[in-house]
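Asker: prediction below, plus the sequence it came from.
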Amino acid sequence: MNSPEDVRLRLDAVDYLVDDGLAMAVYLSLRMGKPLLLEGEPGVGKTAAAKALALALGTPFIRLQCYEGLTAGEALYEWNYQRQLLAIRLAEARQEKLADADLFTAEFLQDRPILKAVRHDGPQPPVLLIDEIDRADDEFEALLFEFLGEGAITVPELGTFTAARPPIVVLTSNRSRELHDALRRRCLYHWIEFPSPARAASIVRRAVPGAAEPLIRSATEFVGRVRALELDKAPGLAEAIDWVSALAALGVTDLAEDDVPRTIGTIAKTPDDRLAVAAALVAARQESR
Ligand SMILES: Nc1ncnc2c1ncn2[C@@H]1O[C@H](COP(=O)(O)OP(=O)(O)OP(=O)(O)O)[C@@H](O)[C@H]1O
Ligand SMILES: [Mg+2]
């Protein structure tokens, strides 16, 4: 991808639509070989951006989903204790004794997503998505510094693995807590805004090709409008896509149709939100008459 415009076109070809800011951020991240940290509200397409990038580049996609309590053994690498035990037993049966150096070799090392990305030896570097880093404990971030800064992982017993071609790294966060400055410093940063009504409609159009054009326009406009209400959980693009898919599946072509109020479970996800969205829908339907 040799320009921000090229990034936009290649991502468009896999149905991921970017604005100028995101196209530039992705381009610079590829060009400079630096990890890209994406933040933004739920459902603005952070995870989808990394998947689309792998698809557009035709390269493997490796994902690390972060959660509370995530450890190095699950994210970086782990020693295969069962195989080590077996090796010890076999050695004992042969009346031999194994030294530590025999047990902590590459043979007993199990790749987890990050080491897997470093050791990948295909023709192209993989895209590694470290998703929802804010869900991991903050100490976990420190485990990533060497990898994010130098594309390397040190296994004390074996030495340092450095990627032949550094993986393309995308991190995402929902800002449920602040990330370390040291992590931010190692990344390029982009905040994904919720798209304009016109771009939201284009995104929904790609995702639900069978939906009627006026329905796409009025439904995305309505979702934009309810996002301005104080909801427990504002609907994002995923909800807009679900809603239009549901309506299209019911053969609905206009928000004024009778089936519409029964489908708001796709965009309102708590009892209070149901009430607020239902009231907004009544108002919108009256206006459109
Ligand atoms: N720019 C876009 N172009 C095409 N589809 C998009 C775009 N942005 C979002 N989508 C679609 O919207 C949906 C939600 O996106 P995604 O799951 O990536 O959001 P997210 O930011 O990772 O949300 P969360 O914070 O909840 O994980 C997906 O179905 C995705 O395909
Ligand atoms: Mg996500």
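Answerer: Here it is on my side, so go on. Ligands and ions are numbered 1, 2, ... in the order given.
Asker: residue in the stretch 51-200 of the chain nearest to ligand 1?
Answerer: Closest to ligand 1 within the stretch 51-200 of the chain is Asn174: 4.9 Å, counting by C-beta to the nearest ligand atom. C-beta coordinates here come from the backbone N, C-alpha and C atoms, glycine included.
Asker: neighbours around that residue, how many?
Answerer: 15 (other C-beta atoms under 10 Å).
Asker: over to Phe140?
Answerer: Other residues close to Phe140 by other C-beta under 10 Å number 19.
Asker: which secondary structure state does it sit in?
Answerer: helix (DSSP: H, G, I helix; E, B strand; the rest coil).
Asker: wait, what's in contact with the residue of the stretch 1-150 of the chain found nearest ligand 1?
Answerer: Ligand 1 sits closest to Gly45 of the stretch 1-150 of the chain, with a gap of 2.3 Å, by C-beta to the nearest ligand atom. Gly45 is in contact with Tyr16, Ile192, Ile203, Leu237, counting by C-beta atoms under 8 Å, 6 or more residues apart in numbering.
Asker: again, 10 Å this time
Answerer: Gly45 makes contact with 16-18, 22, 38, 51-52, 172, 192, 194-195, 203, 236-238 under the criterion C-beta atoms under 10 Å, 6 or more residues apart in numbering.
Asker: mind listing the strands for the stretch 51-200 of the chain?
Answerer: In the stretch 51-200 of the chain, strands defined by DSSP state E, counting those that start in this stretch lie at 61-65, 77-79, 109-111, 127-131, 152-155, 159-162, 168-173, 188-191, listed in chain order.
Asker: now these as CSV including mean pLDDT?
Answerer: Output for these, formatted as CSV (pLDDT from 0 to 100):
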stretch, mean pLDDT
strand 61-65, 98
strand 77-79, 96
strand 109-111, 95
strand 127-131, 98
strand 152-155, 95
strand 159-162, 95
strand 168-173, 98
strand 188-191, 98
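Asker: I'd guessed Ser29 sits against Pro166; true?
Answerer: No - applying C-beta atoms under 10 Å, one finds Ser29 not in contact with Pro166, separated by 11.1 Å.
Asker: more crowded one of those two?
Answerer: Using other C-beta under 10 Å as the criterion, Ser29 and Pro166 rank with Ser29 on top: 23 against 18.
Asker: host element of the residue lying closest to Asp15 once chain neighbours are set aside?
Answerer: Spatially, and ignoring its direct neighbours in sequence, Asp15 is nearest to Arg206 (4.5 Å; C-beta to C-beta, 6 or more residues apart in numbering). Following DSSP states H and E, one finds Arg206 within helix 197-207.
Asker: how far does the helix or strand following that helix sit from the chain's center?
Answerer: Using DSSP H and E, the next helix or strand after helix 197-207 towards the C-terminus is helix 213-227. Distance of helix 213-227 from the chain centroid (C-alpha atoms, centre = their mean, to the nearest Å) equals 25 Å.
Asker: just the helices in the chain please.
Answerer: Per DSSP state H, the chain carries helices over the ranges 4-12, 20-32, 46-57, 72-75, 81-93, 100-103, 113-119, 138-150, 181-185, 197-207, 213-227, 237-249, 271-288.
Asker: up against ligand 1, what does the chain have?
Answerer: 15-17, 40, 42-48, 174, 203, 206, 237-238, 241 (C-beta under 6 Å from any ligand atom).
Asker: can you pull the buried residues of the helix or strand bottoming out on mean pLDDT in the chain?
Answerer: Least confident helix or strand of the chain, by mean pLDDT, DSSP states H and E, is helix 100-103 with a mean of 87. By 16 or more other C-beta atoms under 10 Å, the buried positions in helix 100-103 come out as Leu103.
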